[in-house]
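Asks: the sequence and its predicted three-dimensional model are supplied below.
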2 protein chains.
Amino acid sequence: MSASQPRPRTRIQREKREIILEAALDVLSTHGFRGSTIDQIAEAAGMSKPNLLYYFRTKEEIYETLIHGLLDTWLDPLRAMREDGDPIVELTGYIRRKIEMARDFPRESRIFANEIIQGAPRIAPMLENELKPLVEEKSKVIRSWIRAGKLKRTDPQHLLFSIWATTQHYADFDTQVKIVLGTTYGEGRFEDAARFLEQLFLHGLKPD
Amino acid sequence: MSASQPRPRTRIQREKREIILEAALDVLSTHGFRGSTIDQIAEAAGMSKPNLLYYFRTKEEIYETLIHGLLDTWLDPLRAMREDGDPIVELTGYIRRKIEMARDFPRESRIFANEIIQGAPRIAPMLENELKPLVEEKSKVIRSWIRAGKLKRTDPQHLLFSIWATTQHYADFDTQVKIVLGTTYGEGRFEDAARFLEQLFLHGLKPD
DNA sequence: TTGTTTTTTGACCGGTTGGACAAAGCGTAA
DNA sequence: TTACGCTTTGTCCAACCGGTCAAAAAACAA
């Protein structure tokens, strides 16, 4: 009934697959799936195309392996939002962690952005099976906070959208952010962003 | 010194170019520049590839004509933010207009998103020459509002980023939004979003 | 060492893509 | 009608792209 076990990976296979995935992250996150070529990825990984295809049978396989391995890490900050903590602390902590991810893992953010903008043709099932249940779970948490009077009455799902949008903006649209801010601001933009967003999400802009 | 005037466009040329650009908007906004083929655009425009190439010499020319014509419309809502209005009204009005654009012109939003995520290789100069000065101008306006005590002390540029990010999210990441919200919510999501964002930007989430 | 398996590569293939081109069709003014 | 410029299309090409394959090279086990 069960398929015969594929033999375990050798040391070289493990190493080379890792190198390829790292190179693929670089290439795919900037050019998208269609826009990237196997040759580009192979060159970035420092090997020939047929050699790369010895480790991954198709471009799709690279992409799917990569993005599947990424999703868990990507959702971790949301998972870390605990019902039993103080809602304000949990929320600002989530925003901070997301800004840090935008700073430290912009390629990961962009690869998801690329995919979703184009209609999520290859990851829709993953969003349905992993993201959606997690959002539902955390929405309940947020609603319980609202019931406890710890947060203003608001829509949990749109709240999460806003946090994703504002934080990932600094990874996905980094080029535009840099152009608008000019060279003056340097790398401090992430810290500025974190402070701005904390203020925005807690107190808004209208004077008391 | 000056090049000889190219002869004026015929009626058919004006019409066909318009049809092509509309088709190109459809194709390019979902697949990006590299991911779109001239054949796809030609088919969407209901003509043969050589015929299309009679009206635009290259794929690049289509893309640049399209995106250049779009930028003005795209910046209009920000231009409409008037210094002499009431800051709260102006700001919520801007957010509302941006949400309406996400609802009514998602393709336009996506084409910019695609371009910028990939490093804005073709529109960086336009952002530098048109977006940046406009942001500088409106940042001054926002700062004057803050000085007048009509807004909390905050960073105008990051404020604009947040408005762009949150509103355009509903166009660019529509697929994900739909998956998370499920089918229940239907088209009301834009109205919900507008209400949520208004509350968020004015008052934040922390209870008084 | 020798035999075996794993890894690497050059050459190749069929399909796609952006674009060129010449010839044909069409509209219209003289 | 004729001539002329505008429009359309079939055909073609060279570059590129994803992927195959057989054979060489390297790694490893006995």
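Replies: Okay, I see it.
Asks: which helix runs longest in chain A?
Replies: If you go by DSSP state H, chain A has its longest helix at helix A:11-35.
Asks: buried set for that helix?
Replies: A:16-17, A:19-21, A:23-35 (16 or more other CB atoms under 10 Å in any protein chain shown). Using the backbone N, CA and C atoms, a C-beta is placed for each residue, glycine as well.
Asks: that one packs against which elements?
Replies: Helix A:11-35 sits against helix A:38-44, helix A:49-55, helix A:59-79, helix A:106-117, helix B:11-35, with contacts defined as 3 or more CB pairs under 8 Å, 6 or more residues apart in numbering or on different chains; DSSP states H and E.
Asks: number of nearby residues for A:Thr149?
Replies: Quick fix: residue A:149 reads Gly, not Thr. 10 (other CB atoms under 10 Å in any protein chain shown).
Asks: how about A:Arg57, phi and psi?
Replies: Taking degrees, to the nearest 10, you get phi -70, psi -30 for the backbone angles of A:Arg57.
Asks: angle of the helix or strand that contains A:Lys178 against helix B:106-117?
Replies: Here A:Lys178 sits within helix A:174-181, counting by DSSP states H and E. Computed by axes from the mean of the first three to the mean of the last three CA atoms, to 10 degrees, the angle separating helix A:174-181 from helix B:106-117 equals 80 degrees.
Asks: quick one: mean pLDDT over helix A:174-181.
Replies: For helix A:174-181, the mean per-residue pLDDT is 97.
Asks: following element in sequence after it, please.
Replies: Scanning forward in sequence from helix A:174-181 by DSSP H and E, the next helix or strand is helix A:189-203.
Asks: in that next one, what's buried?
Replies: By neighbour count on 16+ other CB under 10 Å, the buried set for helix A:189-203 is A:Arg189, A:Phe190, A:Asp192, A:Ala193, A:Ala194, A:Phe196, A:Leu197, A:Glu198, A:Gln199, A:Leu200, A:Phe201, A:His203.
Asks: nearest to A:Arg107 among those?
Replies: When the buried residues of helix A:189-203 are compared for distance to A:Arg107 (CB to CB), A:Phe190 wins out at 15.4 Å.
Asks: so how far is DNA strand C from that closest one?
Replies: Distance of A:Phe190 to DNA strand C, computed by CB to the nearest atom of the strand, to the nearest Å: 37 Å.
Asks: give me the nearest residue to that residue, chain neighbours excluded.
Replies: A:Arg103 (4.3 Å; CB to CB, 6 or more residues apart in numbering or on different chains).
Asks: what about that neighbour, neighbour count?
Replies: 18.
Asks: for the helix or strand it falls within, what is the average pLDDT?
Replies: Using DSSP H and E, A:Arg103 falls within helix A:87-104. Mean per-residue pLDDT for helix A:87-104: 97.
Asks: got the buried residues for that helix?
Replies: The neighbour-count check on helix A:87-104 (16+ other CB under 10 Å) flags A:87-88, A:90-99, A:101-103 as buried.
Asks: just to revisit the earlier point, for A:Arg189, see how far away the residue nearest to A:Phe190 is.
Replies: 9 Å (CB to CB, to the nearest Å).
Asks: joint contacts of those two?
Replies: Residues touching both A:Arg103 and A:Arg189 by CB atoms under 8 Å, 6 or more residues apart in numbering or on different chains: A:Tyr170.
Asks: tell me which parts of chain A are close to DNA strand C?
Replies: A:Arg7, A:Thr10, A:Arg11, A:Ile12, A:Gln13, A:Lys16, A:Met47, A:Ser48, A:Lys49, A:Pro50, A:Asn51, A:Tyr54 (CB under 7 Å from any atom of the strand).
Asks: can we see that at 6 Å?
Replies: With CB under 6 Å from any atom of the strand as the criterion, chain A comes near DNA strand C at residues A:Arg7, A:Thr10, A:Ile12, A:Gln13, A:Lys16, A:Met47, A:Ser48, A:Pro50, A:Asn51, A:Tyr54.
Asks: I figured A:Ala113 hits B:Ile117, correct?
Replies: Yes - counting by CB atoms under 8 Å, A:Ala113 touches B:Ile117, with 5.5 Å between them.
Asks: next, show the common contact partners of these two.
Replies: A:Asp172.
Asks: that older thread, by neighbours, which of the residues of chain A next to DNA strand C wins?
Replies: Neighbour max across these (other CB under 10 Å) = A:Lys16, 20 neighbours.
Asks: which ones are touching it?
Replies: Residues in contact with A:Lys16 (CB under 8 Å, 6+ apart) are A:Met47, A:Tyr55.
Asks: cutoff 6 Å now
Replies: By CB atoms under 6 Å, 6 or more residues apart in numbering or on different chains, A:Lys16 lies in contact with A:Tyr55.
Asks: ramachandran coordinates for A:Ala120?
Replies: According to degrees, to the nearest 10, A:Ala120 has phi 50, psi 40.
Asks: repeat for A:Ser36
Replies: Per degrees, to the nearest 10, the backbone of A:Ser36 is at phi -100, psi 150.
Asks: skipping its backbone neighbours, what lies nearest A:Arg110 in space?
Replies: Spatial nearest neighbour of A:Arg110, excluding adjacent residues (CB to CB, 6+ apart): A:Ser29 at 4.3 Å.
Asks: my guess is that neighbour contacts A:Phe112, does it?
Replies: No - in this structure, A:Ser29 is not within contact of A:Phe112 by CB atoms under 6 Å, at 9.0 Å.
Asks: specify the local secondary structure of A:Ser81.
Replies: Careful, residue A:81 is Met; it's not Ser. Assigned with DSSP: H, G, I helix; E, B strand; the rest coil, A:Met81 falls in the coil class.
Asks: surely it meets A:Thr92?
Replies: No - A:Met81 is beyond contact range of A:Thr92, at 10.7 Å (criterion: CB under 6 Å).
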